[in-house]
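Trainee: The sequence and its predicted three-dimensional model are supplied below.
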Amino acid sequence: MWQKFSFIFLCFILGIIILFSGCRRDESFFEGKVSLRFSSDTLRFDTVFTSRGSATRILKIFNPETAPVKVSLSLENGSLSPFNFNADGEIGPDIDGLTIRPQDSIYVFVQVFIDPNEPATSSPFIIEELLQVKVNDNVQYVLLEAWGQNANYIPTTDAGGSVNLLSCRLNEISWDDPRPYVIYGILVIDSCSLVLPPGTKIYVHGGVVRNQQSVYNDGLIAVLKNGKIISRGTPQDPVIIQGDRLEEAYALASGQWVGVLLSSESRGNQLDYTTIKNSLIGIRVDSLAQLNLLGCRIYNTGNSGLIGRHALIQATNCLFFDNGKHAVELAHGGSYKFNYCTIGSYFGQFEAVSINDYFCYETPCQQLFINNLNTEFLNCIIAGAGEEEVLMDKKGQNNIYQFTFKNTLYKVKNLAGNQLYNELIANSNDCITLKGGEKLFADRRTGNYQLDSLSVAIGKARAVPDIAYDILGKIRKPENPDAGCFEK
């Protein structure tokens, strides 16, 4: 009797459970805007790989709401990404409909697969990806960052947005490792000479940095008063300084990093056969800083290529082209000498060369600061798409303002009525005024600024005894050499 009653009672309870479970409504999910919380906004894979391998990092996603949420996860580059992930047993690169319980969290396991011995065009030095996390109509992102090449990372792989000092007590440091150098953050050289042997390759990782005080572009090489940079490239083995994105799509992209800054009174800086490209500016040389350039190429910059502000600059056999502003900008006076340089401005609306004797530190200008100016262009080509490719301005009344052009081909019409036009003509010796239809370069549209076989620059230079070679190491003719950095 008792066994029969127990069986009937058990069936009754089971029936009640089944009845209520069948009638229970589906759980309601939160439908408003949700701001999920993450254990980190950036996942860094900071291992420098020495063989094909992978690394895994863990991301925790927390739901702060009092109701469950449905989450979708996806990688920006989908199946083409070197990253992948799994969450709740499901594998990316796309996962839809994951549930995070109220006041609860899930773990996402992110993995990266890298072959550091692949070409940098397919496995860049620094690999970035965005993990998109979507709830309802709100999308949040987590940055995934890994290092994919065998390289020297300066100072470390997590130094983005920071200022880092390179110092050696007034001694010398040589970057002579055959592996490339990747600069991360802002590198400041002080009380030290940084020497770059032939063939050194430097890749600067730039990007926008936001902190509580400001927003600025990252990726800068700054040389202070007691520092200097000495680059010893050769025509056969030049030194390369550029952005770290080596994919074909970025080959001509400017503004990838800030550039090189020589701060006030930095002396002894020497760049031989060095290429600087894809930056905001090429090189800026500040008050009384000194720089010698030999056989250098500065191009694909978002702003001016070479900037001198009350500086001391000498450039020989150099090429400046495809700059977003002036190819060469000489402001606030200074002492400048250009020998056998080719300066082109076929990109943008600015003149190839800008020269003035003043600077103003505020906008609108309240006070001009004037300095003496002494500038010489010898055996150069100054050309471009505009009618005027030499912009000259003078604000000082009692200061020295001297400039000479010798055996130089330049494109000027009337300097927009500038009163200095007559002085320019008076201070020009054996120069040629370009009209715009002459044969000049082989194919400047593709960046080939070597001389056309019918170029008007052939034989127009005057021999300089201590400059026997051109930018490629070709011997210059002893009599009537060619103007510009290339000898035909």
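Mentor: That came through, no problem. From a predicted model like this one, the values you see are computed outputs, not experimental measurements.

Trainee: Below-threshold pLDDT in the protein: ranges please.
Mentor: 1-27, 46-54, 116-117, 120-123, 157-158, 211-212, 414-418 (pLDDT under 70).

Trainee: can we see that at 80?
Mentor: Along the chain, segments meeting pLDDT under 80 span 1-27, 45-55, 114-125, 147-150, 156-161, 207-217, 246-249, 413-419, 421-422, 425.

Trainee: for it, what spans make up the helices?
Mentor: Using DSSP state H, the helices of the chain run over residues 2-23, 421-426.

Trainee: Buried residues of the shortest one, list them for me.
Mentor: For helix 421-426, a neighbour-count test (16 or more other CB atoms under 10 Å) marks 421, 423-424 as buried. In short, each C-beta sits where N, CA and C put it, glycine included.

Trainee: what are the phi and psi values for residue 226?
Mentor: Backbone torsions of residue 226, given as degrees, to the nearest 10, read phi -100, psi 20.

Trainee: count of neighbours near it?
Mentor: Each residue near residue 226 was counted by other CB atoms under 10 Å, and the total is 16.

Trainee: Hmm, it is touching residue 189, no?
Mentor: No. Assessed by CB atoms under 8 Å, residue 226 is found out of contact with residue 189, at 9.1 Å.

Trainee: any residues in contact with both of those two?
Mentor: Common neighbours of residue 226 and residue 189, counting by CB atoms under 8 Å, 6 or more residues apart in numbering, are absent.

Trainee: Show me how far stretch 79-93 is from its chain's centre.
Mentor: Relative to the mean C-alpha coordinate of its chain, stretch 79-93 is positioned 31 Å out (CA atoms, centre = their mean, to the nearest Å).

Trainee: want to throw the buried residues of helix 421-426 into a markdown table with distance to residue 302?
Mentor: Listed next are the buried residues of helix 421-426 as a markdown table, based on distance: CB to CB, whole Å:
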| residue | distance to residue 302 |
| --- | --- |
| 421 | 30 |
| 423 | 32 |
| 424 | 29 |
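
Trainee: quick check, nearest of those residues to residue 242?
Mentor: Checking these against residue 242 with CB to CB, the nearest one is residue 424 at 35.1 Å.

Trainee: Tell me how far that closest one lies from residue 382.
Mentor: 11 Å (CB to CB, to the nearest Å).

Trainee: Spit out the residues that contact the two alike.
Mentor: residue 390.

Trainee: And the contacts of stretch 208-223?
Mentor: Contacts of stretch 208-223 (CB under 8 Å, 6+ apart): 160-161, 183, 185-190, 194, 204-207, 229, 241, 243, 255-263, 266, 269, 279-280, 289.

Trainee: how about a cut-off of 6 Å?
Mentor: By CB atoms under 6 Å, 6 or more residues apart in numbering, the surrounding residues in contact with stretch 208-223 are 161, 186-189, 204-207, 229, 257-258, 260-262, 266.

Trainee: Which members of these are the farthest-apart pair?
Mentor: Across the contacts of stretch 208-223 (CB to CB), the longest gap, 25.9 Å, separates 207 and 266.

Trainee: Compare these two and say which is more crowded by neighbours.
Mentor: Each of residue 207 and residue 266 has its neighbours counted (other CB under 10 Å); residue 266 has more, 25 against 15.

Trainee: if I read this right, that one contacts residue 288, doesn't it?
Mentor: No. Between residue 266 and residue 288 there is no contact under CB atoms under 6 Å: 8.7 Å.

Trainee: and stretch 250-269, how far apart are its ends?
Mentor: In terms of CA to CA, to the nearest Å, the two terminal residues of stretch 250-269 are separated by 29 Å.

Trainee: Any buried residues in it, and which?
Mentor: 250, 254-263, 266, 269.

Trainee: Now render those as CSV, adding distance to residue 310.
Mentor: Formatted as CSV, those follow (distance: CB to CB, whole Å):
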residue, distance to residue 310
250, 34
254, 26
255, 26
256, 28
257, 25
258, 21
259, 18
260, 18
261, 14
262, 12
263, 13
266, 13
269, 15
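
Trainee: Can you give me every residue that contacts residue 68?
Mentor: 29, 99, 101-102.

Trainee: Could I have the ChimeraX command that selects the buried members from the residues you listed?
Mentor: Buried subset of those, written as a ChimeraX selection, criterion 16+ other CB under 10 Å:
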select :29
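
Trainee: so of the contacts of residue 68, which ones are in strands?
Mentor: residue 99 (DSSP state E).

Trainee: And the contacts of residue 68, which is closest to residue 132?
Mentor: Using CB to CB, these come closest to residue 132 at residue 99, 17.9 Å.

Trainee: separation between that closest one and residue 38?
Mentor: For residue 99, the distance to residue 38 - CB to CB - is 17 Å.

Trainee: Residue 109 now?
Mentor: 14 Å.

Trainee: between these two, who's got more neighbours?
Mentor: When residue 109 and residue 38 are compared for neighbours, residue 38 comes out ahead with 18 against 14, by other CB under 10 Å.

Trainee: what residues are up against that one?
Mentor: 61, 142.

Trainee: Same question for residue 151.
Mentor: Applying CB under 6 Å, 6+ apart, the residues near residue 151 are 125, 179-180, 182.
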